[in-house]
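> Just need the structure, nothing else, for what follows:
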Amino acid sequence: MAEVRVETVALDATGTRQIASRTRSSAALADRAGELEEAIVQASDIAQEALAHVPRRDGWQVSSMAVTFGLTLAAEAGVILSKASAEASFEVTLTVERVAETP
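Prediction:
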């Protein structure tokens, strides 16, 4: 089976991404699987915990949630949320439905 490689970015001393072509490298995806899994689990836990605190309101409730986020692999080790300018990319879509009233 072919080895899947992913691009990694270097971080400077302040944790800022360095994306110049001279600082780009790659890593085997399989070698970073544990870090990716941990990042996905943590993001999922945060989203589920937040949803658990959303109460029904005025006959409406959240019926589903979709979470989209980007991950960036740091060259040395670690996973960070993908950054767009100075903000982390984390998109949440909620579906809200009218709750059927019980007699």
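> What are the boundaries of the helices in the chain?
With helices called from DSSP state H, the chain shows them at 33-52.
> Find the residue at the geometric middle of it.
Closest residue to the average C-alpha location of the chain: Phe69 at 3.6 Å, with CA atoms, centre = their mean.
> Pull up the gap between that residue and Gln61, please.
24 Å (CB to CB, to the nearest Å). Any C-beta I mention is one placed from the backbone N, CA and C, and that applies to glycine too.
> Alpha carbons of stretch 59-76, as PDB, please.
Included here for stretch 59-76 are C-alpha records, laid out as PDB according to Å, rounded to 0.1, in the frame of the first residue of the first chain:
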ATOM      1  CA  GLY A  59     -41.100  25.200  22.200                       C
ATOM      2  CA  TRP A  60     -38.000  24.800  20.200                       C
ATOM      3  CA  GLN A  61     -35.000  22.500  20.600                       C
ATOM      4  CA  VAL A  62     -31.700  21.800  18.800                       C
ATOM      5  CA  SER A  63     -32.200  18.500  17.000                       C
ATOM      6  CA  SER A  64     -28.800  18.100  15.300                       C
ATOM      7  CA  MET A  65     -25.400  19.600  15.100                       C
ATOM      8  CA  ALA A  66     -22.700  19.500  12.500                       C
ATOM      9  CA  VAL A  67     -19.100  20.600  13.400                       C
ATOM     10  CA  THR A  68     -16.400  21.400  10.800                       C
ATOM     11  CA  PHE A  69     -12.900  22.300  11.800                       C
ATOM     12  CA  GLY A  70      -9.500  22.200  10.200                       C
ATOM     13  CA  LEU A  71      -6.400  20.700  11.700                       C
ATOM     14  CA  THR A  72      -2.800  21.600  11.000                       C
ATOM     15  CA  LEU A  73       0.100  19.400  11.800                       C
ATOM     16  CA  ALA A  74       3.000  21.100  13.400                       C
ATOM     17  CA  ALA A  75       6.400  19.900  12.000                       C
ATOM     18  CA  GLU A  76       7.800  18.900  15.400                       C
END
